[in-house]
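> this one's sequence-less:
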């Protein structure tokens, strides 16, 4: 069974998914603005 | 209501677009801007309001015996006038509204393309404007700083002890809405400054498409 390439590919995908989540969380923290209404 | 918009460029035509959405309004234009949507004014008689950015608006309104809405801040006018209908006026209106709700205003800042770019005070606007450096525009009734922003963006931020409020948008759109929203305040006589009546002014600007945001003090 050639499991090793699959495991490596899954690890790479998981790594980049975690990286994307961290960037989204950081962007949200850096932009804490919410809508306000004047009417 | 018959409104004449002094239209020399795209921003002025956006003022006409914003006003055209009001019920019972007929728009005429005068100036260098070309539009197939709004007729050129042929006769000043019968106009109710003249809207424009510059002081010549007051002369045309006087000839038309109409009211006026202008972006400039004036203390004298021959006609009933709404003054200060601009990004700066909107910023001061937001500040006055926040103050009326109990906030202590710390600082008011505006940024627009062509604004002063070498100020000595660091300012932070919401994205995409971000950080800029401002110069002091006035110290009273509020400390106001003005800065340059990257086109096409313009922004205002009011900082207070309870949190900040801000507007960021296309500078032509936000300038147009800030001017057009003055239509809500045309007085029977005298001069009304938009920041003195912040509630109806900001509500009208919001109805015309202005979007504001707040950031609570953490």
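Yep, that arrived. Treat the numbers as computed from the prediction; the structure is a model and nothing was measured.
> for the rest of this, base every contact and every neighbour count on C-alpha atoms.
Noted.
> counting neighbours, what do you get for the residue of chain B at minimum distance from chain A?
Residue nearest to chain A within chain B: residue B:213 (4.2 Å; CA to the nearest CA). A count of nearby residues for residue B:213, using other CA atoms under 10 Å in any protein chain shown, gives 17.
> from memory it sits against residue B:169, does it?
No: using CA atoms under 8 Å as the test, residue B:213 is too far from residue B:169 to be in contact (11.4 Å).
> overlap in contacts of those two?
Shared contacts of residue B:213 and residue B:169 (CA atoms under 8 Å, 6 or more residues apart in numbering or on different chains): none.
> report pLDDT for the residue nearest the centre of chain B.
The residue lying closest to the centre of chain B (CA atoms, centre = their mean) is residue B:86, at 2.3 Å. Residue B:86 is assigned a predicted lDDT (pLDDT) of 97.
> beta partners of the residue of chain B closest to chain A?
Beta-bridge partners for residue B:213, by DSSP bridges, are residue A:35, residue B:166.
> what residues are up against it?
Residue B:213 touches A:33, A:34, A:35, A:36, B:165, B:166, B:167, counting by CA under 8 Å, 6+ apart.
> for it, give me the pLDDT.
Looking at residue B:213, its pLDDT reads 96.
> likewise residue B:120?
Looking at residue B:120, its pLDDT stands at 87.
> isn't it up against residue B:132?
No: in this structure, residue B:120 is not within contact of residue B:132 by CA under 8 Å, at 9.7 Å.
> those two: who's more crowded?
Neighbour tally, residue B:120 and residue B:132, criterion other CA under 10 Å: the higher count belongs to residue B:132, 21 against 12.
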